[in-house]
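S.K.: Here is a sequence together with a model predicted from it:
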Amino acid sequence: MIELNAPDQKSVRLESATAGEALEKLGLRGGALAAMVNGKAVDLYRPLTESGSIEPIGPDSEEGLDILRHSAAHLMAQAVAEMYPGTRFGVGPAIRDGFYYDMEIPGGITEEDLPKIEKEMRRIAKRAIPVERREMSKEEALAYFREKDDPYKAEIISELEEEKVSLYFQGNYADLCRGPHVPNTSYVRHFKLLSVAGAYWRGDEKNIMLTRVYGTAFGNEEALEAYIRRMEEAKSRDHRRLGKELDLFSIQAEGPGFPFFHPRGMVILNGLMDFWRKEHTKRGYCEIRTPLILDRSLWIRSGHWDHYRENMYFTEIDEQPFAIKPMNCPGGMLVYKSQIRSYRDLPMRVAELGIVHRHERSGVLHGLMRVRCFTQDDAHLYCRPEQVKDEIIGIMDLCRYIYSDVFGFKYTMELSTRPENSMGSEEQWDIAESALKQALEESGAEYRLNPGDGAFYGPKIDFHLEDCIGRTWQCGTIQLDFQMPEKFDLTYIGADGKEHRPVMLHRTILGSLERFFGILIENFAGAFPYWIAPVQVRILPVSGDFVDYAKETAQKLRAKGIRVEIDERDEKLGKKIRDAQTQKIPYMAVVGEKEMQSGTIAPRERSRGDLGSMPLEEFLEVLAGEFNPLKS
């Protein structure tokens, strides 16, 4: 006899039952995809063997969406297997907002084939084919997939430590999977295949390139349609397309993953850096710059050689091994050690806009969002233990100002704890995690826990920005580190005249300037706020007769520090206005006979349109009223 308790305090005693039968007895079966039994997600047909808690997993919950999307990946794989005989299957997980499957498809497919695959998926879904879990020994599973001529599944199985594995069968299709899954294929109704890409098997460029098909699935049609609308909006905001159209940056074949910034793009980057420096100076930071290339011994001492080597680039100087820095921290340690520090010097807030290089596989490179060379807005804060909490709260306040007050982003925070490849003792990690948690709680900030996702040298708080179409981006981070001060023997002289070990905080706000630039392009759809726009005013002479007056006006605007250009083309005024709108210029200033005679201009704002004729001094007052954190 087992006793099962539901969240609403109902309970039921049963001789034997599956998870689905137990939910039905409790009146909770309706709409459930699976069940949560004693904190573990299980299939509805799984026999229950012990007492405890049970609750339904619905299609709109986070767990339910993962199950639904994983089942959709299996449904897609079954459709592909029937349409393209001989297909071999890699992995097909649920991911944020959807799923994908890596497959070796004879002859390959393109995005034009996706509607046909969707049609076959719908045909299979309507048949309500039961999805059945079967356990078998590792040897049996190997034999099964070898007989199916599927080397990828066989490779995965051969590396597993478990003696037993589970397979999920639906009709004549089977997949290696831990589950759980939906009870039958009819549960997967609201889905869409999105794109086709290439992906190396296991992410290794030495392996075969497989076809990766991305898709998504939701619990209802309304949610699916809303997601598709968001994706269409995202395409119109794609920073790679807008970067080209607005002449901001480019990625050249000669430098894959190494962005080239054009003059207009540099205006934005320099504006970000000027703003960053201004705010850090106000908050008591000093700025340093450390070398791009440093001796291998430094990276061995820092732990990067053991924990991060596969992401680094190397070179030789005078027949000695050197590494191009993937992070700024070790160089910062050497600056700290360059002289004796006193307790009176702490907290010491040291910032660096450091260029770093990291080896990213070609398959994951993506415009400015994933590059091999980027500028990290790092800071390292050296504190006495009793100063840590206040410093973390100070960083959180800076993040709030930049993210929310200046750029208008909503954001959430996430506390990530000790990972498997961590350095240091469990006691040190407990102290570090407790310090971050205490700072979060005393500040009143809401956060969620992300177990096991800390940096190898310490736990961290990550900041996730939400853009104007609901997407989230991880940007800033605060990492508390006891390891680097130990490894580099950092000390300060305390009030007692003895040496003490400082606590170190690693911190970024923008994260990567390049990536933040890409996020801004997509969030604003290229229509940057006035203060950071590459061109703030474009003067539009009605004809060539008024170019000289346009130049006089431009000269006066530039004298006030305003970024201005003149459209001298022999085009009609309407086209000049449309082109300025397309280029997302915040202000236009039309000049013709009337304006030249009266010494005025006729400004237009990109969203409000015509502002009416006015003297240049009045227009300067309008511009002075624009939000500009560089002057506040």
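M.R.: Nice, thanks for sending it over.
S.K.: biggest helix in the protein by residues?
M.R.: Ranked by number of residues, the top helix in the chain under DSSP state H is helix 62-83.
S.K.: ok, and for that helix, which residues are buried?
M.R.: For helix 62-83, the buried set under the neighbour-count rule, 16 or more other C-beta atoms under 10 Å, comprises 64-83. Placement of C-beta: from N, CA and C, glycine included.
S.K.: from the middle of its chain, how far away would it be?
M.R.: Put simply, helix 62-83 sits 24 Å off its chain's centre (C-alpha atoms, centre = their mean, to the nearest Å).
S.K.: what's the helix or strand just after that helix packed up against?
M.R.: The C-terminal neighbour of helix 62-83 among helices and strands, as given by DSSP states H and E, is strand 88-89. Judged by 3 or more C-beta pairs under 8 Å, 6 or more residues apart in numbering; DSSP states H and E, strand 88-89 is in contact with strand 98-104, helix 151-158.
S.K.: mean confidence for the last one?
M.R.: Going back to what we said before, that points to helix 151-158. Averaging pLDDT along helix 151-158 yields 92.
S.K.: which helices and strands sit right next to that helix?
M.R.: Helix 151-158 is packed against strand 88-89, helix 138-147, strand 173-176, with contacts defined by 3+ C-beta pairs under 8 Å, 6+ apart.
S.K.: now the ones you listed as JSON lines including distance to Cys475, mean neighbour count and mean pLDDT?
M.R.: Output for the helices and strands packed on helix 151-158, formatted as JSON lines (distance: least, C-beta to C-beta, whole Å; neighbours: other C-beta atoms under 10 Å; pLDDT from 0 to 100):
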{"stretch": "strand 88-89", "distance to Cys475": "36", "mean neighbour count": "22", "mean pLDDT": "95"}
{"stretch": "helix 138-147", "distance to Cys475": "42", "mean neighbour count": "16", "mean pLDDT": "92"}
{"stretch": "strand 173-176", "distance to Cys475": "36", "mean neighbour count": "22", "mean pLDDT": "93"}
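S.K.: Please, which helix or strand holds the spatially most central residue of the chain?
M.R.: Centroid check for the chain by C-alpha atoms, centre = their mean gives Trp473 as the closest residue, at 4.0 Å. For Trp473, the host element (DSSP H and E) is strand 472-481.
S.K.: Show me which residues of that strand are buried.
M.R.: Counting neighbours by 16+ other C-beta under 10 Å, the buried set in strand 472-481 is 473, 475-481.
S.K.: Would you format those residues as a markdown table with pLDDT included?
M.R.: As requested, these are exported to a markdown table (pLDDT from 0 to 100):
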| residue | pLDDT |
| --- | --- |
| Trp473 | 88 |
| Cys475 | 91 |
| Gly476 | 91 |
| Thr477 | 92 |
| Ile478 | 93 |
| Gln479 | 89 |
| Leu480 | 87 |
| Asp481 | 84 |
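S.K.: Of those residues, which is the nearest to Pro321?
M.R.: Among the buried residues of strand 472-481, Asp481 lies closest to Pro321 (C-beta to C-beta), at 25.4 Å.
S.K.: Burial check on Lys594, number of neighbours?
M.R.: Lys594 has 12 neighbours, counted by other C-beta atoms under 10 Å.
S.K.: Surely it touches Ile601?
M.R.: No - using C-beta atoms under 8 Å, Lys594 is not in contact with Ile601, being 10.2 Å away.
S.K.: follow-up on the earlier one: partners of the strand holding Trp473, with directions?
M.R.: Sheet pairing of strand 472-481 (DSSP bridges) gives strand 460-466 (antiparallel), strand 503-512 (antiparallel).
S.K.: Of those strands, flag the one that's most buried.
M.R.: Counting by mean count of other C-beta atoms under 10 Å, strand 503-512 has the highest mean neighbour count of the strands paired with strand 472-481, with a mean of 24.
S.K.: Give me the contact list for that one.
M.R.: Contacts to strand 503-512, defined as C-beta atoms under 8 Å, 6 or more residues apart in numbering, come from residues 272, 276, 329, 371, 374-385, 387-388, 391-392, 395, 398-399, 402, 455, 458, 460, 474-482, 484-485, 490, 516.
S.K.: got it, and stretch 62-74?
M.R.: 33-34, 36, 41, 57-59, 92-95, 98-101, 121, 131, 168, 170, 173, 175, 177, 180-182, 185, 187-188, 191, 215-219.
S.K.: Filter these down to just the buried residues.
M.R.: 33-34, 36, 41, 57-59, 92, 94, 98-101, 121, 131, 168, 170, 173, 175, 177, 180-182, 185, 187-188, 191, 215-219.
S.K.: Surely Ile402 and Lys278 touch.
M.R.: No - applying C-beta under 8 Å as the test, Ile402 and Lys278 come out as separate, 11.2 Å apart.
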